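A.B. asks: Predicted model and sequence below, questions to follow.
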Amino acid sequence: MVRLLKPATFILSLLPLTWIFYQVWLLQAGTSHDLGADPGKAIVLFFGEWTIRFLVITLALTPLRTLLEETWPIRVRRMLGLFTFFYASLHLVSYAVFLLELDLGNIARDLVKRPYISVGFAGWLLLLPLAVTSTNAMVRRLGRHWRSLHRLVYCVAVLAVLHVFWLAKSSYFDAFFYGSLLLFLLASRYFSGVLGLLPKRIKALF
């Protein structure tokens, strides 16, 4: 089962992209689809939603390992982190293509004038070095600095919630929901770290 874990995770992680391709194919064929009246905007939002979902799943793997006392969640953590960057990049590219039509002037103005664009782009920039240094070779090259660098994912989580919050126009449910999940996951990591410093007799009480 462990041998199938990574291939299964890879295939499942591509299902959202497959769904979008299928919906675009239905659109091009002139048949009923689920992209609504503004397919471009729907695609942008879809990739954004899956970016934050993959981010939540990735951050949940370390607490899950502690809870289950199993190592298998860590085996797919790096892959899911890369899929977070992958869907964040699709979110960014689809925004530039479908909503701004690759107009560099509009892109620059949005980065300056729209806070949710600014923090979203900042989040993607922070994900970039994490993706680049995700290989085993980079882990060995960076040594102890690798772990420190990858703590930037916590900043990405905060920026992602701000992006969703400022993007909201009528309902803040998504921002509250994902913000609560990410706050819980970050708090669990902090509590786990503090707990690890306690003597064994005290830890047994938790």
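C.D. replies: Done, it's in.

A.B. asks: going forward, measure contacts between C-alpha atoms and count neighbours the same way
C.D. replies: Will do.

A.B. asks: chain center to the longest helix anywhere in the chain, what's the gap?
C.D. replies: Ranked by residue count and defined by DSSP state H, the top helix of the chain is helix 39-68. Centre-to-centre, helix 39-68 and its host chain are 5 Å apart (CA atoms, centre = their mean, to the nearest Å).

A.B. asks: I43 reaches I20, doesn't it?
C.D. replies: Yes - counting by CA atoms under 8 Å, I20 is a contact partner of I43 at 7.3 Å.

A.B. asks: Could you check which of those two is surrounded by more residues?
C.D. replies: Higher neighbour count among I43 and I20: I43, with 21 against 17, using other CA atoms under 10 Å.

A.B. asks: what about that one, distance to H163?
C.D. replies: For I43, the distance to H163 (CA to CA, to the nearest Å) stands at 17 Å.

A.B. asks: Following element in sequence after the longest helix of the chain, please.
C.D. replies: helix 72-75 (DSSP states H and E).

A.B. asks: list the helices and strands that next one packs on?
C.D. replies: For helix 72-75, the contact count by 3 or more CA pairs under 8 Å, 6 or more residues apart in numbering; DSSP states H and E identifies helix 39-68 as packing neighbours.

A.B. asks: Which stretches in this protein count as strands?
C.D. replies: Using DSSP state E, the chain contains no strands.

A.B. asks: Show me the shaky parts of this protein.
C.D. replies: 1-2, 170, 189-206 (pLDDT under 70).

A.B. asks: at 80 what do you get?
C.D. replies: For the chain, applying pLDDT under 80 flags the ranges 1-3, 66-69, 103-104, 168-172, 186-206.

A.B. asks: Quick check, central residue of it?
C.D. replies: By CA atoms, centre = their mean, the chain has its centre lying nearest to L55, at 2.9 Å.
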